[in-house]
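Engineer: Predicted model follows, preceded by the sequence.
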Amino acid sequence: MNTILRHKGWIWGFRSTVLLYFIMLIVLPLLGVYFNSFSLGWSMFVESVSDPIAWKSVLLTLKLAVIATLINVVIGTMIAWVLNRYSFFGRSILNSLVDLPFALPTAVGGLMILLLLGPGSFIGSIAESLGFEIVFHQPAIVIAMVFVTFPFVIRAVQPLLEEIDPSEEEAAYTMGASGSRVFRKVFLPSMAPGMISGGMLAFSRALAEFGAVVLVAGNIPGRTLIASVFIYGEVESDNAAGAAAVSIILLTLSFSILWCINLVQMRGRRS
């Protein structure tokens, strides 16, 4: 069997299949977005991007994605630490639930947030009595972004914690280091690449989130209208060029983030 798989014909066939799959499902759709964004000329592209509603939606998306990413980096690192360092009843269940946002349709996640925090819910009623609302405002968008990007930091930090040699921690304690100093000098440097790469993936994912956000976001430019909802509105309004123009901004940001992640991972392997 190995002899057959090593045959040049089989190798060429596998490579061609993978390359064709990559071109059909990734390269061509991306090229189509870039082509449509410039289909009406550079001036129309600039006009679409410089539209106040468009750039306000992009800026709002960036701001809320940064907030969601910071929350995930802090909470995700804490959860990864607890799952790795402590044994307790229900640990395996909690570890399995971490991947729930990956398996759950994002629209269902948005519906869960809407039912849990909406105007008719218990928490929503309490929020209204205190003078503020959650759903159809920025807090709900951040919660939706945090939900769909929840596993990235945890799954990036967990294997790094598992690779730490216990003797390094023991040596630090033997030399009289405090718990906080051991964390800063032993654990944090080892976890940092995972925190950075997981945070970047979470940020990139939050930029493009639509399914969960569309159910809890509003349509007020600069306040509750984010880029993905704006793109959907442009498509519904038969303005494909305007939707594509904003889309390539998000695509370019995502490509830049993935490039940075690769740099972080390469430096981590070298060290």
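Structural biologist: That came through fine. In this text, all values refer to a predicted model and were calculated from it rather than measured experimentally. Residues are numbered from 1 along each chain as shown.
Engineer: Which helix or strand contains Met266?
Structural biologist: Assigned by DSSP states H and E, Met266 falls within helix 240-270.
Engineer: Tell me how far that helix lies from the chain's centre.
Structural biologist: Here helix 240-270 is found 12 Å from its chain centre; the criterion is Cα atoms, centre = their mean, to the nearest Å.
Engineer: Alpha carbons only: can I get stretch 193-202 in PDB?
Structural biologist: The C-alpha trace of stretch 193-202 is given here as PDB (Å, rounded to 0.1, in the frame of the first residue of the first chain):
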ATOM      1  CA  PRO A 193       2.400  32.700  22.400                       C
ATOM      2  CA  GLY A 194      -0.900  30.900  22.900                       C
ATOM      3  CA  MET A 195      -2.500  34.000  24.400                       C
ATOM      4  CA  ILE A 196      -1.400  36.100  21.400                       C
ATOM      5  CA  SER A 197      -2.200  33.700  18.700                       C
ATOM      6  CA  GLY A 198      -5.500  32.700  20.300                       C
ATOM      7  CA  GLY A 199      -6.400  36.300  20.800                       C
ATOM      8  CA  MET A 200      -5.600  37.200  17.200                       C
ATOM      9  CA  LEU A 201      -7.800  34.300  15.900                       C
ATOM     10  CA  ALA A 202     -10.600  35.400  18.200                       C
END
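Engineer: what's in contact with it?
Structural biologist: Residues outside stretch 193-202 that contact it (Cβ atoms under 8 Å, 6 or more residues apart in numbering): 68-70, 72-73, 76-77, 80, 149, 152-160, 257-258, 260-261, 264-265, 267-268. Any C-beta I mention is one placed from the backbone N, CA and C, and that applies to glycine too.
Engineer: helices or strands up against the helix holding Met266?
Structural biologist: helix 28-37, helix 42-49, helix 52-85, helix 188-208, helix 227-236 (3 or more Cβ pairs under 8 Å, 6 or more residues apart in numbering; DSSP states H and E).
Engineer: so for that helix, what's the average pLDDT?
Structural biologist: Mean pLDDT, computed over helix 240-270, is 78.
Engineer: Now Ala144. Its backbone dihedrals?
Structural biologist: Note on Ala144: backbone dihedrals following degrees, to the nearest 10 are phi -60, psi -40.
Engineer: Isn't it up against Val108?
Structural biologist: No: between Ala144 and Val108 there is no contact under Cβ atoms under 8 Å: 11.6 Å.
Engineer: So which of these two has more stuff around it?
Structural biologist: Ala144 (30 against 12; other Cβ atoms under 10 Å).
Engineer: For that one, give me the pLDDT.
Structural biologist: For Ala144, the predicted pLDDT is 93.
Engineer: Skip the chain neighbours and tell me the closest residue to it.
Structural biologist: Nearest residue to Ala144, sequence neighbours excluded (Cβ to Cβ, 6 or more residues apart in numbering): Ala212, at 4.1 Å.
Engineer: low-scoring stretches of the chain, by residue?
Structural biologist: Within the chain, the stretches with pLDDT under 70 are 1-10, 40, 264-265, 267-271.
Engineer: Okay, the nearest residue to Ile67 once chain neighbours are set aside and Lys63: tell me how far apart.
Structural biologist: Using Cβ to Cβ, 6+ apart and skipping the chain neighbours, the partner closest in space to Ile67 is Val142 (5.4 Å). For Val142, the distance to Lys63 equals 10 Å [Cβ to Cβ, to the nearest Å].
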